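Undergrad: Curious how this folds, go ahead:
(chains A and B)
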Amino acid sequence: METTDMAAPLEKREGTNIEQPTLNAEGRLRRWLGVGRWALNVGCFLAVTSVFAGSAIAAEPTTTLTKAQSDFFEQKVRPILETKCYKCHSHSAEKIKGGLVLDSREGGLRGGNTAPAVVPGNVAESLLIKAISYTDPDLEMPPKGEKLSAGQIADLTQWIKMGAPDPRESTAKKYGGAGRAHWAFQKPKLSEIPAVKDELWGQTPIDRFVLAKLEENGMAPNPRADKRTLLRRAYFDVIGLPPTPEQVDAFVKDESPDAFAKVVDELLASPRYGERWGRHWLDVARYADTKGEVRRQQEDPRYPFAWTYRDYVIDAFNKDKPFDRFIIEQIAADRLNLGTDKSALAALGFLTLGNHFNGMVPDIVADRIDLVTKGFLGLTVTCARCHDHKFDPISQKDYYALYGIFSSSYEPDKLPALKPIANTAEYQDYLKKAAEFEVDPKEMRRKLQALRKDPDPTKRRELQREQQRQLRGATDLEINHPGAPARANVLVDSAKPKDSPLFIRGEAKNLGAVVPRSFINVLAGPNDPPYRNGSGRLELARDIASKNNPITARVIVNRVWQEHFGEGFVPTPDDLGNQSEKPSHPELLDYLAVKFMQKGWSLKKLHREIMLSAVYQQSSAVNGKFAVIDPQNRLLWRANLRRLDFEALRDSILAIAGTLDATMGGKPVDLGAEPYVTRRAVYGYVDRRNLSEVMTQFDFANPDSPTGRRHVTIVPQQTLFMMNSPLVAEQARKLVNKDEFVGLTGEEDRVNALFRQIFQRPASRLEMELALQFVAVTPEKDSAPELAGGRRMPPVQRSRLEARMKDSGTPPQLQQRIKQQLQDEQTRHRAPLGAWEKLAQALFETNEASFIN
Amino acid sequence: MNPSEKYACEHCAKTEDFFLTRRQFLHRFGMGFGALSLATVLGGDSLVSGASVMESTHPLRPHAPHFPAKAKAVIHVFAQGAPSHVDTWDPKPELTRMDGQTIPGGIAMGSPFKFQKMGKSGIEVSEVFPELGQHVDDLAVIRSMWTDIPAHDVATVMMNTGSTRLARPSLGSWTVYGLGSENQNLPGFISLRSGGGLPVGGTANWQAAFLPGAFQGTSINTQAGTVAGMIQNIRNQYSSPKEQRRQLDLVQQLNAMHAQNLQKDAALEARLEAYEIAFRMQTEATDAFDLSKEPQSVRDLYGNTPQGKQMLLARRLVERGVRFVQVWAGGWDHHQDLEVRLPEKAKEIDKPLAALLTDLKQRGLLDSTVVIWGGEFGRKPTKDRNGNDNPGRDHNNNAFSTLMAGGGVKGGITYGATDDFGSKAVEDKVHVHDLHATVLRLLGFDHTKLTYRYNGRDFRLTDVSGEVVKGIIA
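TA: Numbering: from 1, shown residues only, chains lettered A, B, ... in the order given. Here you go, the predicted model:
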């Protein structure tokens, strides 16, 4: 199997001339359908030329056709192709189906994902004929009863017999190709920076690439946004918080040419940057503090030390850890020579903090493969778990090559401490208490196994309960005891790493040939040996983080671009494969990817380059004409209007109220319960199985799969949160009770102070009038009468209920009920808001406070 | 002008709609709020009465469909996870006969469940659905469903939006876009789930995509049971309703000015709408979601279980004029242990769904409500991987069964058929697009004419396909 098509050197492939493959029909059908291509089938070797012949065909000189040949094509063939096939099989198709294009000569010769549709002169071998004649129920085209007429079938058959004469010019495009020829699998190239007509607008390469494309389409970019808008945009983008009024003033006053560059540098140097961008990465890493599905007698459902990974990520962003190093540490920190500082081991939480799928190894491994391939490579490799990928050149063999790597790695029962443990009294106390819960998982399994066949089920249940109690106690201790050392959620290599057999149709009991551990073939070097260093994780990590890998840098550049503009060059950041839209600016994406690698994989340099472009700094003003040509703003003629995500919205309200607690790192906090914790949202507890309702309603990332792009919905529950949640109301109260606000005597000064705090600008004349009038007519005493009053709960009862609610042994539904009861009681005794407090709350509620433009 | 033409025009949204002129803008937003006249300050156009304009521009106002139709609302019970059709609604004696033997695709696994003829129609119903079986004469059992891709996330979103990959509006969004809502105090499209996390596919399952945000589904976690638990922050704790209205007027005035500065944007408008609905929900939802207002006998009929509560809620919402209710009742992914787990799962929904049909019928609502039950695809007739000792079935996009009832659906019939083993739909095949076309037809729409112009093209739910399944329409 080592000598399949993939072993041929690339250079050789490109020079290959078209040959007529001599595969049997079944092999070709499988290839047409994108299945079984690199699987255990015979004949793959022979397919080499057809797979890689795309560029060769395009280079081939078109033979001159006779008039009769041209006429036959134009009169008989082209009309059928155009009316019956192009809808799904042409470059003008909304989505090219099966990777097959028939609007060019070479498209038919190359065929669907890999196999030729048209074999000139050979009807039996031409899949096109097979498909239209409906002889195989799995391959009927056009589909769903739109079968061609007998006459049309006869015409196409005749055409193939004639040698498929085709006068069409090559439509081969630089970008957009099927299968292995797909742009993302080609090395990124530095194109020449294009010339533009308007040479004054922007000076950076980014500007030139974007402007050239706009000019090509008869469009022009917007001028620079006003300074306040720009500053607000930059602050939210980089640190997820608004500027203070003083910061706005300083920037507006600074007329030096590098005023904005200074701001960008300051923001990138702020530790708040890592908290903002670390969270974007945690979305991709499907980060959570709990394990999802677990067998409760074998493990507690909580990760006591997930936060060490979260802190590692924030720190890596703040230190601008080179992204290639960041990749390697997250996949294989345990295999690196870390010296004395072992803190980078925490990086492995990337792999380990997923769902535990009731301990099902194939599912856990699939989750890790999904994460690594979507996260770093922008490829949906897990589609190849049961069959070859339907759209991308990823075989089932590729999947099991990776499977062997991750199934040869495991999480040790005892996790290593992040730092050398100091022998303090607290630590001693922790050890003493931990000894009470000392459980050996293997021993536990053995005991349970022994009772499995016992006719009396109560013994088993008792043992299970006892085991659960011990596990819970041990985890409680690790979470709560101050002497419990922080640990890294590591993965280590097994003593005897093993290649995995291929699971036929994904079935664990239906095993195929053993697949050597190695990288995904389409991205690997031509003669790469299999991985033999331990599990192979370190080799995998290095192959992913390599400059020779065509896709890694593009994937991260696309992600970063998306967070600055609202949409990436490719709108699906976790999938840059054949099913994705073509990049809006392929040359610019390549340019940035190449430069990114050249400049040491530095994210901060990339941010800086993007933010200092005129493209980034333009205003969001709408041009009615361009809005018709490009309503989605794919070509970037304006800045996008963007809704703040959950973290930025919540944190900004706290920051404006002056209550944001800047403490960094450490154990997660409960964001939902009163009295509210005012740490940044990135430090909030994420329960994979029970995400808080507020987070869900504000489109928080799904912790069960890599989320490169959150949904942006607008629903009434979000506005209910703004209108009614005590979090917002109490921050409004705090804002108005700040000393500097209380000290203001003039009413207009007060209104302006609130506007400047919340919108970073003073009120307009009309806004001033509206605000003053609102304050004037708002009664000082107003509360929701039907809710107020009632007997206060005695403090003893309250604390008892609180303890019950927090006890992890309490059933979730009961916890929920108690929580509600406590909240209701509190609700009845809320202090009403005064007029100014209500004004502040109203400003928090506005669209302006929730959007950046 | 015939009604459908008129309608088609009404739904030709143009890009200009998203970038209004100032006058249009004022008409749309600058009225009915607060004491100060925005119009005066912004330029002095005289305005008609705010309330009436607001009424006529409200995106959720009721519309007439293309044709007169019985169905006015939809309850879509989504059996996510893909229920096995050969164990529920598609009996296969030939498969039972071949049990344990090799058939194409693997080892045949006959259904461990018995089927029995029920109702006047004599349709065979699996023993796992004893209660629902009593309603078989109201059901159209489509046995020939098929879809494109046998992966849960993709197929689930496909079933709800008609697209496997691209962001497309969901069936519920299209419905509310087409018909508006009978109740302006609740979202027109509500999605009920039971539990903290979202179903696979997440919010894509009730997305409005490029349709205006007001048509998006509102997802409610019904697990908590209480109104305040289901809809957090539904209670206003700081203001009297009157004062809160005045405060919201100020917010909306500021929003209107902000939107004008930005030359308006669909997202801003959606949020403006969301505030208005949220405000009204404070009273309306408190009533609609309060199950304690139902008599004990009705609550008993549905059963005091998560799915019983969901079904009862669905009825209360439809009764109040909510147009489309999506109910998540998943967990059908039986790769293993099907013999034990499938009946457990069926039991969860059997009584509640039967109760829903009984209750809707008693109230005269069944005629005007389309009820759908089904998953995203079906399962194979063969034994699945990993489960040879206590087997289950693997995914199968070539065959599955979907139930429909009410709203002009012909009851007591089966439609279409799979092959002898149930591995593939072969007769009167119904693709997801066909199902969508049929639901829209029941609601009075020609699915090829319910379109929305976006990005230079008229989009529709069924893309370029979809045939109405006339055989199930009464």
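
Undergrad: rest of the way, CA atoms for contacts and neighbours
TA: Will do.

Undergrad: so how far is whichever strand or helix holds A:Ala154 from its chain's centroid?
TA: Assigned by DSSP states H and E, A:Ala154 belongs to helix A:150-161. Offset of helix A:150-161 from its chain centre (CA atoms, centre = their mean, to the nearest Å): 47 Å.

Undergrad: With just CA atoms, put it into CSV.
TA: Extracted in CSV, the C-alpha atoms of helix A:150-161 (Å, rounded to 0.1, in the frame of the first residue of the first chain):
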residue,chain,number,x,y,z
ALA,A,150,-33.3,8.6,-25.8
GLY,A,151,-32.2,11.0,-28.6
GLN,A,152,-30.1,13.1,-26.3
ILE,A,153,-28.4,10.0,-24.9
ALA,A,154,-27.7,8.8,-28.4
ASP,A,155,-26.2,12.2,-29.3
LEU,A,156,-23.8,12.2,-26.4
THR,A,157,-22.9,8.5,-27.0
GLN,A,158,-22.1,9.4,-30.6
TRP,A,159,-20.0,12.3,-29.5
ILE,A,160,-17.9,10.1,-27.3
LYS,A,161,-17.5,7.6,-30.2
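
Undergrad: Quick check: A:Trp637 vs chain B, distance?
TA: 15 Å (CA to the nearest CA, to the nearest Å).

Undergrad: Who are the contact partners of residue 86?
TA: You didn't pick a chain, so chain A it is. A:92-93, A:101-103 (CA atoms under 8 Å, 6 or more residues apart in numbering or on different chains).

Undergrad: wait, chain B
TA: With CA under 8 Å, 6+ apart, B:Val86 has these contacts: B:92, B:111, B:379, B:381, B:422.

Undergrad: right, is the host helix or strand of B:Leu435 up against chain A?
TA: Element membership for B:Leu435 (DSSP H and E) is helix B:432-442. No - Helix B:432-442 does not reach chain A (CA under 8 Å from any CA of the partner chain); its nearest approach is 11.3 Å.

Undergrad: can you list contacts of that helix?
TA: Contacts of helix B:432-442 (CA under 8 Å, 6+ apart): B:69-71, B:145-147, B:158-159, B:162, B:171, B:175, B:370, B:407-409, B:446-447, B:461-462, B:465-470, B:473.

Undergrad: Show the buried residues in those.
TA: Among the contacts of helix B:432-442, those scoring as buried are B:69-71, B:145-147, B:158-159, B:162, B:171, B:175, B:370, B:407-409, B:446-447, B:461-462, B:466-469, B:473 (criterion: 16 or more other CA atoms under 10 Å in any protein chain shown).

Undergrad: Now do the helix holding B:Leu435: distance to the chain's middle.
TA: So, by CA atoms, centre = their mean, the centroid of helix B:432-442 is 13 Å from its chain's centroid.

Undergrad: cool, stretch A:74-94 as well?
TA: With CA atoms, centre = their mean, you get 36 Å for stretch A:74-94.

Undergrad: Show the average pLDDT along that stretch.
TA: In this model, stretch A:74-94 has a mean pLDDT of 80.

Undergrad: now swap in stretch A:402-417 and tell me
TA: 95.

Undergrad: Poorly predicted segments of the stretch 301-450 of chain A, please.
TA: Low-confidence segments of the stretch 301-450 of chain A (pLDDT under 70): A:441.

Undergrad: With B:Ser423 as the reference, measure out to whichever residue of it sits closest to chain B.
TA: Using CA to the nearest CA, A:Cys383 is the residue of the stretch 301-450 of chain A that sits closest to chain B, at 8.8 Å. Distance, A:Cys383 to B:Ser423, by CA to CA, to the nearest Å: 22 Å.

Undergrad: and those two? which has more neighbours close in?
TA: Set A:Cys383 next to B:Ser423 and count neighbours by other CA atoms under 10 Å in any protein chain shown: B:Ser423 wins out with 23 against 20.

Undergrad: residues near the residue in the stretch 501-650 of chain A that chain B sits nearest to, how many?
TA: Minimum separation of the stretch 501-650 of chain A from chain B (CA to the nearest CA) falls at A:Glu507, amounting to 4.3 Å. Residues near A:Glu507, counting by other CA under 10 Å, number 18.

Undergrad: Leaving aside the residues adjacent along the chain, what's closest to A:Tyr676?
TA: Leaving aside its chain neighbours, A:Tyr676 sits nearest to A:Leu727 (7.1 Å; criterion: CA to CA, 6 or more residues apart in numbering or on different chains).

Undergrad: rewinding a little: the helix holding B:Leu435: what's the following helix or strand?
TA: In N-to-C order, the element after helix B:432-442 by DSSP H and E is strand B:452-454.

Undergrad: that older thread, between the contacts of B:Val86, identify the one with the most neighbours.
TA: Most surrounded of the contacts of B:Val86: other CA under 10 Å gives B:Pro381, at 33 neighbours.

Undergrad: and that residue, what does it touch?
TA: B:Pro381 touches B:86, B:95, B:108-110, B:393, B:421-423, counting by CA under 8 Å, 6+ apart.

Undergrad: any chance of these in CSV, with secondary structure too?
TA: Below are these laid out as CSV (DSSP: H, G, I helix; E, B strand; the rest coil):
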residue, secondary structure
B:Val86, helix
B:Leu95, helix
B:Ala108, strand
B:Met109, coil
B:Gly110, coil
B:Arg393, coil
B:Phe421, coil
B:Gly422, coil
B:Ser423, coil
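
Undergrad: Tell me the one of those nearest chain A?
TA: B:Arg393 (11.6 Å).

Undergrad: mind checking the end-to-end distance for stretch B:167-183?
TA: 27 Å.

Undergrad: tell me the mean pLDDT over it?
TA: pLDDT averaged over stretch B:167-183 gives 92.

Undergrad: What are the contacting residues of that stretch?
TA: B:59-65, B:160-162, B:188-189, B:204-211, B:215-217, B:320-326, B:436, B:440, B:450, B:461.

Undergrad: Mind listing what's buried along it?
TA: Here stretch B:167-183 shows B:167-183 as buried, counting by 16+ other CA under 10 Å.

Undergrad: just checking, which of the contacts of B:Val86 belong to strands?
TA: Counting by DSSP state E, the part of the contacts of B:Val86 found in strands is B:Arg379.

Undergrad: Where does pLDDT dip in chain A?
TA: For chain A (pLDDT under 70), the answer is A:1-64, A:92, A:94, A:113-114, A:169-178, A:441, A:782-792, A:826-829.

Undergrad: next SSE after the helix of greatest length in it?
TA: If you go by DSSP state H, chain A has its longest helix at helix A:457-480. Next along the chain after helix A:457-480, taking DSSP H and E as the criterion, comes strand A:492-493.

Undergrad: about what we covered before: which elements pack onto the helix holding A:Ala154?
TA: On a contact count with 3 or more CA pairs under 8 Å, 6 or more residues apart in numbering or on different chains; DSSP states H and E, helix A:150-161 meets helix A:127-132.

Undergrad: Return the distance of the helix it packs on from the chain's centre.
TA: 39 Å.

Undergrad: what does stretch A:717-737 give?
TA: With CA atoms, centre = their mean as the basis, the mean position of stretch A:717-737 lies at 31 Å from the chain mean.

Undergrad: ok, now stretch A:614-631?
TA: 27 Å.

Undergrad: how many neighbours does residue 83 have?
TA: Just going to use chain A. A:Thr83, neighbours per other CA under 10 Å, totals 9.

Undergrad: should've been chain B
TA: Quick note: B:Pro83 (other CA under 10 Å) scores 29 neighbours.

Undergrad: Roughly how far does the closest residue to it other than its chain neighbours sit from B:Gly375?
TA: Distance criterion CA to CA, 6+ apart; nearest residue to B:Pro83, sequence neighbours excluded, is B:Trp332 at 5.1 Å. Distance of B:Trp332 to B:Gly375, computed by CA to CA: 8 Å.
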